[in-house]
Every structure is written in C-alpha cells, then in structure tokens.
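Novice: let me see the structure of the following:
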Amino acid sequence: GSASAVCALVTTSSLTVTRVCPPTPVAPGGVLVYGGIVRNTGNITLTNIIVLSSQPVANTTVFILASLAPGASASFNSSFNAPFNACSVTSILIVTGQNSCTGGTVTGNETSTCPLVTSPKIALARACPLQPATPGGTLVFTGTVTNTGNVTLTNVFVVSNQPALNTPVFGPLTLAPGAGTNFTGSYIIPANLCAITDTLTATGNDLCRGTTVSISTTTTCPILTSSRLTVTQLCPPAAVGSGGLLTYGGSVRNMGDTSLTNIVVTNDRTGASPVFTAAILAP
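Specialist: Numbers count the residues shown, from 1 in each chain. Predicted coordinates for the structure are as follows:
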C-alpha cells in the first residue's frame, strides 16, 4: 500500500532595503541619484516586490521585482531633485513583498539622510548721495546686500571704515537665497576735503556649515566745496605826505571750506608784480 500527504512547513518572511547616497553630494535643487539594494533575508521566495520612496513625494514607486529567492538581493537606482535651500535631504524607503507560500505581505523600511553641498555667496552695492555733501556735513549713503548663493545666510552684517574701522552700518539679519535688502548709513565728513572714499564690507554665515563669506566695495563720493577768499588793506597809522612812501599792511583769509593754493596779492598802484604770495591756505 502507499499513502501521500502534504505537510505544512513554517516559513519566515523577511525583507530589507538599503539606500546609498551619491559619493559626491549634489547642490540644493540638483538631481540626486542614489543607489539601493533590496534583499530577501527570509527562507522563502518572495513575489511582487515593490520599493516606494518618500521623495520627491510620498509613495513614489522606484523599483519593482517579480520575485526574489531566499538570500538573494537586487540592486536599483533612482533619482529626484534635491530641495532648494536645504543642508541635507532625508527620505524613507519602504519595500513590500508577498510570501510565495502563504500570500502574506512582508515589509521593510529604511530612513537615510544624504548631505547637500552648499555654495554661500553674498553681494554688496553702494551709492553716493544724489546731492553731494559739504565738508563738515553729513554724508548719507544707500546700499543693498543680497544673498546670491544657494543656502540661507545668517548673521549678515554690513560695516564701514568711516568714520572708523568696522563701524556698524546694518544688521544682523538672515537672508534666504536670492533675497536682498536695502540699507542706509551716514557719517560726518571731515573738513577740507574735495572727495571722500570709504569701504563697506558685508559678511554672513552659511546656515549649514557655519562658514563665513564676505565681500567689500570701495566708493569715492564727491564733496561740494565752497571757495571764498577775502583781502583787507590797512593804511599806515600816520598820514604820508605827497611824494612820500606809503607802507601799508594787509591780510588775506580763506573764508571757504577747502584749501586754496597759489595765493597771489597784487596792488593796482604797483603794477603786476605781486605784493604777497602763499603756496596754500587752509580754510
């Protein structure tokens, strides 16, 4: 005689998935291409294997496999656009499959973070006042500081070398990529200048790595000067008779706000010859 019987076996279903970040980090907004491995770590063949990702949107299908034997693995590649203005990107991979004996579902997942490479940059522009200031007056200037990189900048400051080195002008503030803001500064102009030059410096810190970026701009603004010269003549204390020698005194004064050069005093009684000269006369 003979007999046939079917005996059930106890199967263990297990499925894992791993992700490998690109060897060279991409920039925010760039295409991030990653690799992955799905592995059957159980003792029974699994079918209908699907890998889903949370990037670029939840439950995005990145890999499909008909079956996978016990201990076997399969590699896959996928990609998505990295978010803008980010230091890194985190995504979740979920893998599902079915036990070929029981039809039961088995799942696995992994959460991983890939770094992004940032390029912090800052730009600075500065403008002189439309109406030039005068010596001793207040020079009011305007400017714009802009984040021209791909990562947020923190602790953004603008300083000037006028009237002293590292004089605060603007800040602190935080600027997102592409964002900019206007600012105004002022200082007292020293006396006796025809123009004044100053240097503005803008600095900021990379939100992700903390590194500092800076830029400087040097501008010369004209000064509106006022030139004025006076001369006085003093007669001698005692009258001089006709035909006598008249000896007189006098003074010449710079009444303006800038130095005058090549000062010459003449007298219509003595012809073109100067009676007094000075190389320079301060205000």
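Novice: what's the burial count for the closest residue to residue 140 other than its chain neighbours?
Specialist: Closest residue to residue 140 apart from its sequence neighbours, by C-beta to C-beta, 6 or more residues apart in numbering: residue 186 at 4.4 Å. C-beta: built from backbone N, CA, C; applies to glycine. Using other C-beta atoms under 10 Å, residue 186 has 15 other residues around it.
Novice: tell me the bridge partners for the most centrally placed residue in the chain.
Specialist: Closest to where the C-alpha atoms of the chain average out (C-alpha atoms, centre = their mean) is residue 122, at 2.4 Å. Beta bridges link residue 122 to residue 147, judged by DSSP bridges.
Novice: repeat for residue 195
Specialist: residue 222.
Novice: give me every residue that touches it.
Specialist: By C-beta atoms under 8 Å, 6 or more residues apart in numbering, residue 195 lies in contact with 220-223.
Novice: from these, pick the one nearest residue 157.
Specialist: residue 221 (21.9 Å; C-beta to C-beta).
Novice: find the nearest non-adjacent residue to that closest one, please.
Specialist: Using C-beta to C-beta, 6+ apart, the nearest residue to residue 221 is residue 128, at 3.7 Å.
Novice: distance check, the one you found against residue 197.
Specialist: Distance of residue 128 to residue 197, given as C-beta to C-beta, to the nearest Å: 11 Å.
Novice: contacts for stretch 243-260?
Specialist: Taking C-beta under 8 Å, 6+ apart as the rule, stretch 243-260 contacts 134-136, 191-194, 223, 225-236, 240, 263, 265, 276, 278, 280-283.
Novice: which members of those are classed as buried?
Specialist: Among the contacts of stretch 243-260, the ones that count as buried by 16 or more other C-beta atoms under 10 Å are 134-135, 192-193, 223, 225, 263, 283.
Novice: just the element for the residue nearest to residue 140, please.
Specialist: With secondary structure defined by DSSP states H and E, residue 186 is part of strand 180-188.
Novice: and residue 126, by the same measure?
Specialist: Using DSSP H and E, residue 126 sits within strand 122-127.
Novice: what mean pLDDT does that strand get?
Specialist: With pLDDT averaged residue by residue, strand 122-127 scores 96.
Novice: and it, which residues are buried?
Specialist: 122, 124, 126.
Novice: and what of stretch 263-276?
Specialist: residue 263.
Novice: likewise for stretch 246-263?
Specialist: Counting neighbours by 16+ other C-beta under 10 Å, stretch 246-263 gives 252, 254, 256-260, 263 as buried.
Novice: coming back round to it: of the contacts of residue 195, which is the most crowded?
Specialist: Counting by other C-beta under 10 Å, top hit in those: residue 223 with 21 neighbours.
Novice: hang on, isn't it packed against residue 189?
Specialist: Yes: at 6.3 Å, residue 223 and residue 189 qualify as touching, with contact defined as C-beta atoms under 8 Å.
Novice: okay, and the common contacts of the two?
Specialist: 133-135, 196.
Novice: closest one of these to residue 11?
Specialist: Comparing the shared contacts of residue 223 and residue 189 against residue 11 with C-beta to C-beta places residue 196 closest, at 85.8 Å.
Novice: and residue 278, backbone torsions?
Specialist: Here is the backbone geometry of residue 278 (degrees, to the nearest 10): phi -150, psi 140.
Novice: could you give the bridge partners of it?
Specialist: Residues in beta-bridge contact with residue 278 (DSSP bridges): residue 263.
Novice: what residue in this structure is the furthest from its centre?
Specialist: Computed with C-alpha atoms, centre = their mean, the most peripheral residue in the chain is residue 1, at 90.1 Å.
Novice: quick one: contacts for the residue nearest to the centre of the chain?
Specialist: Taking C-beta under 8 Å, 6+ apart as the test, what residue 122 contacts is 145-149, 153, 156, 202-204, 213-215.
Novice: residue 137 now?
Specialist: Going by C-beta under 8 Å, 6+ apart, the list of residues near residue 137 reads 188-189.
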